[in-house]
Each structure stands twice: as C-alpha cells, then as structure tokens.
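Participant: Sharing a model prediction with you, sequence too.
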Amino acid sequence: MQLIDGAHHPVVVIGGGQAGLATSWQLRQHGVDHLVLEADRVGSEWRNRRWDSFCLVTPNWQCRLPGFPYDGPDPDGFMIRDEIVGYLENYRRAFDVPIVEGVRATRLEAGFRIGTTAGTITTGQVVVATGPYQSPRIPRLAERIQVVQLHSSQYKRPEQLPPGDVVVVGTGQSGCQIAEDLHLAGRTVHLATGTAPRVARRYRGLDVVTWLDRMGYYRKGIDEFDDADAVRLRANHYVTGRDGGRDIDLRKFAREGMRLYGRLLDADRDTLHFADDLQQNLDHADAVSEGIKDAIDAYVAAEAIDAPEEARYEPVWQPENTPESVSLQGIAAIVWSTGFTREDSWIRLPVFDGRGHPGHRRGVTNVPGLYFIGLPWQHTWGSGRFGGVADDAEYLAERIVEQRAGVHWIAGVHRTVA
C-alpha cells in the first residue's frame, strides 16, 4: 500500500506496533475506513531495540491481540524476539491491515494535517500509537566518560562489546536481563542498582502472572488508585522468561561474582561514583516480591484454593563493604539501561501537561478527534501490552464511532454536539 500525497482518510492511526494494529482491528469491526502509518516495519520496536536473547517476561497466553489470541504449542512459555515479530507479522497478514510502512509522520497540526516523509495527508480523526519508548535517555554525565558506551536499545549480544569488564547502569527489566546475558557469557559485570522492584517467576504451583490475572490485578483501572500519577511512573518488576522462565536474583549473581553497587551518582574521566544504598535497593526489591506472595497467600486462603505450600525466599548474599566508586581502568564498556523519553515535538496541538506527557482520560484528549493508545497505564497495567491493549483499542474505536455520529468525548467527558 502507498501513501497518496494530498489524500484524505476518515481516521489515521500513527504507529504499526501492537497498539496500532489492535486499533486497526477494532476500527474494522466498526466499519470505519482508516489508514495506519508505520515509520519502519510492523513491530519495529521489537526488531530493532531488543537484544538477541530477548524474550517476553509474561507468558505467551497473555498475547491476546483482538481476534488473534496466541494458539501455539507453549502457552505457558515465553516467545523470543523473532517469534514476537512473527506474531505481529502474522496478525497484520491475517487481517490485511491497511498499513503504509516506511513512512514517518513528521508533523501533526490543527485541522489534522499530517506531514510525512512521503507527503501530506489529512484526516478527520487521528490515533497516536507511537508507544512510550521513543528517545533513549542517557544522563549527561556520560559525556565525561571515555569508554565504549551503548544504550540498552543498542545492545545486541556480549560479543558486540570489547573484551573486559562491563558496567550496566539500571536494574529495570532491561538492565537486569542484559546484566544476566553478560554474566552467563562469562563477562565480569558491574551493576549499578536502582529502586526497581522484582517479582518471583512462580509461586505455589503457578506463574505469578497467572495468579495476578486470576486476582483481577490486570483489570484494575488507573482511576481506582489513590496515587494514580505515581502508579504510572512505577518501574516494572524485573523477572525473566529466559530458558522457560525464572527469577532474577541479583544476590545470587553477586555470590557468583557479579559486582553490585548502589545508584550511580556521578562520574569523571577516571571514576564512577555510587550512592550508599545497595542494601536498601536489594531489600526493597525483595520486599515487593514477598508482598506479592502475601497477596497470593491471602487470595488462596479466601478462595479455598488447593495450592501447594512453598517456602519463602531467603537472601543468599548480603553486601559488605560495598565500594562507592569504581575505576574505569579495565572497564571495556558501559550499557545505559536508563529508559526512554517521549518525543512528541512533531505534534503541534495543545494536549501536553507540564511534564510533557499527553493529557488524556483513557486515551481521549481535550482536542476532539485526537486520541492516544499504548501509553503506560493508559487505563490498566496491560495498556500497550499484548494482554490489555485490546480493551483500550475497543474503547477508543467506540469513541471514534460516536464522534462520527456527532457525540464527542473530551478528556472523558460526554458531550453531544447539536
């Protein structure tokens, strides 16, 4: 499919990842003519920003894009990167998604004129499905460091890095999994920890994700939390689906030779400096994991479920005399697992708050006809993920149909247009 300069489309979806594809499916169910724009190829984030050993951290059964639930042979397993891309490609083919690949939206302005790398089109309504992971975030202190440096989105495999020790900064999901990847390859890893929590892979006979799903956690809306803003900013729990799935236990890694530190504070040409908070970070991660187990225990008791008992986690290592600095001599590379920032400067419409985040309620903005999908906690934990994006896509498709019928939802407020 090609983009035609000057063409008008009733609805344009910008982004061809799982959120954009799910939105397209829902629009088609409602009979809404639309176009999907994708700057690269379907699933490009999975293709280009994940390392070779990457796999899902949620079981395959949670891959339930609308009309296309996972039906492979391993529902309790964890698809690897190329299988994830294949799932999205098969989805696109199965429903003949009206998508234009290799065309980037460069400007969205009043009147819903969309400038692209292949011309300008117009639309009556637009759904921004570009996802939350756009511009790699690296602290400015990196400019002082004279070793090879990569962002986590650029890391592919241990052999990509020069021989020697590797520093990984950040213990979110990417940081911990990359640190493990390097550790298993026999590299000496120096890991700067943060406040990200962890979760056990399995407990009392089931994957913890299965328990949380049964407990209704993934259906809980953001408006049910007293601290909604804080919830949206929480780091994801670290765990892995590698080799069939297991815990990521940083204490175990330390016992095996990985070197753990507190939060990275500063750097100069020769030295990295860390906070004295390693013990606190490890204890916090463990406490969150054990708290989830407490909730599962309570659920099992309340529902009288026959689930096997399981011993609780006992720390296998404690930090002693943790150094608060490391010489960069002998350090071959640094991998910055420090997250991403949004890049929305191409959107020239008044929808952003003081922090640069899109203002919305369930993806509906205060600009009639402009919607977002795939944002973290857009409505539930699953928003933007394979497990929950279908619900958000259905909700927005309904709002789009209503606006076409003369009913507007502005930031979630119902308004009928005479």
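Facilitator: Cool, got the structure.
Participant: Could you report the separation of the closest residue to Val169 other than its chain neighbours from Tyr70?
Facilitator: Among residues not flanking Val169 along the chain, Ala192 sits closest, at 4.5 Å (CB to CB, 6 or more residues apart in numbering). Heads up, the C-betas are built off the backbone N, CA and C, glycines and all. With distances taken as CB to CB, to the nearest Å, Ala192 is found 36 Å from Tyr70.
Participant: quick one, which of those two is more surrounded?
Facilitator: Using other CB atoms under 10 Å as the criterion, Ala192 and Tyr70 rank with Ala192 on top: 28 against 17.
Participant: which residues does the more buried one contact?
Facilitator: Val167, Val168, Val169, Gly170, Thr171, Tyr261, Gly262, Arg263, Leu264, Leu272, Phe274 (CB atoms under 8 Å, 6 or more residues apart in numbering).
Participant: Select from those residues the one having the most neighbours.
Facilitator: Neighbour-wise, the contacts of Ala192 (other CB under 10 Å) top out at Val168, 29 neighbours.
Participant: And stretch 157-173, what's buried?
Facilitator: For stretch 157-173, burial by neighbour count (16 or more other CB atoms under 10 Å) applies to Pro158, Leu161, Asp165, Val166, Val167, Val168, Val169, Gly170, Thr171, Gly172, Gln173.
Participant: so the fourth one, which of the three states?
Facilitator: The reference is to Val166. strand (DSSP: H, G, I helix; E, B strand; the rest coil).
Participant: Test my guess that it contacts Ala185.
Facilitator: No: counting by CB atoms under 8 Å, Ala185 is not a contact partner of Val166; they are 9.7 Å apart.
Participant: other SSEs contacting the longest strand anywhere in the chain?
Facilitator: For the chain, the longest strand by residue count, based on DSSP state E, is strand 119-128. Judged by 3 or more CB pairs under 8 Å, 6 or more residues apart in numbering; DSSP states H and E, strand 119-128 is in contact with strand 8-14, strand 113-116, strand 370-372, helix 389-404.
Participant: Any chance of TSV for the ones you listed, columns distance to Phe340, mean neighbour count and mean pLDDT?
Facilitator: Compiled in TSV, the helices and strands packed on strand 119-128 are given as follows (distance: least, CB to CB, whole Å; neighbours: other CB atoms under 10 Å; pLDDT from 0 to 100):
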stretch	distance to Phe340	mean neighbour count	mean pLDDT
strand 8-14	18	22	98
strand 113-116	23	18	98
strand 370-372	16	25	98
helix 389-404	18	21	96
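Participant: Run a quick neighbour tally on Val109.
Facilitator: Rather than Val, residue 109 is Glu. Other residues close to Glu109 by other CB under 10 Å number 13.
Participant: ok, it - contacts?
Facilitator: Listed by CB under 8 Å, 6+ apart, the contact set of Glu109 reads Gly115, Arg348, Leu349.
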